[in-house]
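*Asks:* Take this sequence and fold it.
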Amino acid sequence: MSRIRLFLLCWLSVAVSLQAAAQSAPAPSTPKTDAPVVRRQLQAVRITEAPKLDALLDEAVWQQAPIATDFIQNRPNPGPHEKHPTEVRILYDDAALYIGAVMHDVSLDSIPRELTARDDFGNTDFFGIFLDTYHDKLNGYGFFVTPAGVQADARYSPAGGEDFNWTAVWESRTALRGTDWVAELRIPYSAIRFSTQGEQTWGLNFMRNRQILKQGFFWNEVKPEESGFVNQWGELIGIKDIKAPLRLSFTPYVSTYVNHYPYNEQGVRNTTTSFNGGADVKWGINESFTLDATLVPDFGQTLSDNQVLNLSPFEVQFNENRQFFTEGTELFNKGNLFYSRRVGATPIGFYDAPGLVHDNERLLKNPSESRLLNATKISGRTSKGLGVGLFNAVSANMYATAEDTATGEQRRILTQPLSNYSIAVLDQSLKNNSYVSLINTNVTRQGSTYDANVTGGLFRFNNKKNSYALDGQVVYSRRRGLGFNSDQRVNDTDGYKYLLGVGKTGGSFTWRLSQGIESNTYNPNDLGILFSNNSISQVAELNFNRYKPFWKVNNAYTYLVLEHRLLYKPTAYSNAGAYFGGNTTFTKNFLTVGFNGDYTAVYHDFFEPRVEDIGSYYVRLPANVGGNAFISSDYRKKLAFDLSGAFRRFNLDGIRPRRTGYGINFGPRYRVSNQLSFRYNFEWSVRPNQVGYVNGGLDSSNPLDQPFAERGDILLGRRRVMTYVNTVTGTYTFNNRMSFNIRTRHYSSSVHYYDFTRLMKEGAEEKVDYRRNRDTSFNAFNVDAAFSWWFAPGSQMSVVWKNAGSTFLEAESATPLYFDNLSNTINTPHNNSVSIKVLYYLDYLTLRHRRS
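*Replies:* This is a model prediction of the structure:
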């Protein structure tokens, strides 16, 4: 623990140095005041005739509206007022909100305007408006537009933070005028939710980004040292007698696929085709709640997963790339009890299917993804601040197909029964950016296969100044029924988790103390994700940040975390450590640099042995130190890069050479023009003398494994793990509605074993003469190319080509040589898929207007 104290002293010395440097820096140009914070207000003007959306703002009514101006800088130097004025006006009628904004500047050369795909800003200025329509100071909307006309939109919530996965249908126009640029937005009421009150006050803010100096300005000041974002907005007043329209839209789709894989087997077609159809439906049940449903969804065009070689005892968590499960899910993500990849995931009997094939049969088909029949979301928030979310999805029965090799007769093997997934959430917003929430997740399967239910409550209470917070979570998990294709009752029938934390959340110095327990039977993994339970944790977090420029830097952020963990049952020491780091950005060249370091005491890994009886066996990792440093150049330049390096060094354990680890990451990017850009990313890591469970375990049918399998031995191997990842991305944006993107990724990881030991109780090991070659190399190669055209508001055509191939080599076939692995991967059979998908957005109000 002396090293932990040393790290604590180092961190404190850095914090004191930053404080001293900041105090010696010149005083800010804006005078200090102790006056209470006053929220700015803007009056909206009602109109009877909608202005033409042309970014000219030449209608007389625009000149009658009050102006929001004198924006205040948020970054890189919080506090100063803008030198180049921004002028914003708001109009409204019975159908929509209209925003007109003029961004004054020095010249057109001072307005970067890179073209990008939707929701991606790139190297460009932008203007944004933020709306808190229920004025709860917790939840809000954001609408953004760039000088090139690229749109972006986001939702804001305590659970989801800033979520750009949310997409609304709204209109905008932009224009360059002299030395300025102009934006005009029309946000229909169908895109947002609000109360039925006769006169309403909404939370309001505007943002302007001046990319030439990397400056961000807000109309109502947003202080980085103050906790929260929505609670720092101003107010929009004067909204009277508006009614939520009938929010009903229907987005049908059709798609067709051509898939080719060179099976080259008799009776099996290399090329297959399919035609699909379905629809998304959005219905505003009332002014507060919206139903979103997807019927017979098609997710075949989503970005390919980043496949990796997994040597750990835990599953790999993949990103969610399906739009329905990323958009508008902030309520369902509260408490981190929902892992959306469970819906439509690999069938629970997928890996059992090969063992159910008879000797005279072959496995002809075994789908790796469950087919989703439909999914529905209902979500919204009342005028009293009560958020309600309901989610339900149904996946079909899934079958593998076995074929008799003599007669050709086929039979189906059930790999997953019909399954229903549901979530219910209640989230009450309280004063001072506080909330209480209740979440329930449920998985119900047809037949005797087990069902699962998880119920959790969480809360956050802030003081009046929003500077201190008490937060907590209590969760109960319950599973009942039989294992799939088994007559045995499922384990982990009842379990619980709790977490309690308290801390200072505002100011330059913040801290948090927390205590948590996850019982040995807590299991939320049927609809959530948890890598390991059976834990008692105590954590102390300290942060010291400087938000204003000092010395030669714009800011500085530092942190220190002290952590101690025990096994819950049986109670036993697991690990303890200290983690610290910091980063800053230099003022002149906007070069960002940072570092992270840690010291971990002796670690007892109870999960690496892969035994059911947790506690008796553990892998003992010696005390170790590690760290990484990174540098990121200015993305405004045509050529920019990211570079990082990492290391880890273990103490000797007395029975083998020292364990170490190294890695580098290099990512240059080049912007050829405002339309064309390229990115490359290279990752390399090596872990000599890593010790872990022998991947794949023991095979009792293998003569070299039999003596060890019969004894029930747990074998550990000393190995070298080397990984390369190369990713190349190219993007060409034709205009603000049409783009092409291609991404190629090659992943290569090899494992070479040096020697083996038998794991005994209490972490002891003894060397064994194990002769089987367990070397492994895994390679994955993917190409994702997509052309996207938003040909009308909410309507899109996309053409996608996907190429995928992988190799898994063992023993003498495995090789650590990168180019050999690349050659093997390229020459192995690949799956190629070309698809075309068309979605057409139909809005009820628009259709009714056309008929009239």
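*Asks:* where do the strands sit along the stretch 201-350 of the chain?
*Replies:* Assigned by DSSP state E, counting those that start in this stretch, the stretch 201-350 of the chain shows strands spanning 215-218, 234-240, 248-260, 271-284, 289-295.
*Asks:* could these go into CSV alongside mean neighbour count?
*Replies:* C-beta: built from backbone N, CA, C; applies to glycine. Converted to CSV, these look like this (neighbours: other Cβ atoms under 10 Å):
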stretch, mean neighbour count
strand 215-218, 22
strand 234-240, 18
strand 248-260, 17
strand 271-284, 15
strand 289-295, 18
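*Asks:* closest one to Asn319 among the ones you listed?
*Replies:* Proximity to Asn319, assessed across the strands of the stretch 201-350 of the chain by Cβ to Cβ, is greatest for strand 289-295 (19.1 Å).
*Asks:* about what we covered before: and Ser806, which of the strands of the stretch 201-350 of the chain is closest to it?
*Replies:* Proximity to Ser806 (Cβ to Cβ) singles out strand 248-260 among the strands of the stretch 201-350 of the chain, at 16.3 Å.
*Asks:* Can you give the contact residues for that closest one?
*Replies:* Strand 248-260 is contacted from outside by 169, 190, 270-284, 298, 300-301, 794-795, 831-845, using Cβ atoms under 8 Å, 6 or more residues apart in numbering.
*Asks:* pLDDT averaged over that strand - what is it?
*Replies:* The average pLDDT within strand 248-260 is 94.
*Asks:* One more: stretch 756-772?
*Replies:* For stretch 756-772, the per-residue pLDDT averages 94.
*Asks:* gap between the two ends of it?
*Replies:* From its first residue to its last, stretch 756-772 covers 10 Å (Cα to Cα, to the nearest Å).
*Asks:* Over to stretch 683-702?
*Replies:* OK, stretch 683-702 end separation, Cα to Cα: 36 Å.
*Asks:* Buried ones in it, by neighbour count?
*Replies:* Residues 683, 685-695, 698 are the ones in stretch 683-702 that count as buried (16 or more other Cβ atoms under 10 Å).
*Asks:* May I see these arranged in CSV, with secondary structure as well?
*Replies:* What follows is the buried residues of stretch 683-702, written out as CSV (DSSP: H, G, I helix; E, B strand; the rest coil):
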residue, secondary structure
Glu683, strand
Ser685, strand
Val686, strand
Arg687, strand
Pro688, strand
Asn689, strand
Gln690, strand
Val691, strand
Gly692, strand
Tyr693, strand
Val694, coil
Asn695, coil
Leu698, coil
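*Asks:* What's the mean pLDDT across stretch 296-314?
*Replies:* Per-residue pLDDT over stretch 296-314 has a mean of 94.
*Asks:* I misspoke; the intended subject was stretch 522-537.
*Replies:* Here stretch 522-537 scores 96 as its mean pLDDT.
*Asks:* C-alpha coordinates for it, PDB please?
*Replies:* What follows is stretch 522-537 as a C-alpha-only set of coordinates in PDB (Å, rounded to 0.1, in the frame of the first residue of the first chain):
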ATOM      1  CA  TYR A 522     -27.200 -11.800  -9.000                       C
ATOM      2  CA  ASN A 523     -27.800 -12.300 -12.800                       C
ATOM      3  CA  PRO A 524     -29.300  -9.700 -15.100                       C
ATOM      4  CA  ASN A 525     -27.800 -11.100 -18.200                       C
ATOM      5  CA  ASP A 526     -31.000 -12.300 -20.000                       C
ATOM      6  CA  LEU A 527     -31.700  -8.700 -21.000                       C
ATOM      7  CA  GLY A 528     -28.800  -6.900 -19.500                       C
ATOM      8  CA  ILE A 529     -25.000  -7.400 -19.400                       C
ATOM      9  CA  LEU A 530     -22.800  -8.100 -16.400                       C
ATOM     10  CA  PHE A 531     -19.400  -9.500 -16.700                       C
ATOM     11  CA  SER A 532     -19.000 -10.700 -13.200                       C
ATOM     12  CA  ASN A 533     -21.000 -10.700 -10.000                       C
ATOM     13  CA  ASN A 534     -20.100 -11.900  -6.500                       C
ATOM     14  CA  SER A 535     -18.300  -8.600  -5.500                       C
ATOM     15  CA  ILE A 536     -18.100  -6.100  -2.700                       C
ATOM     16  CA  SER A 537     -16.500  -2.800  -3.800                       C
END
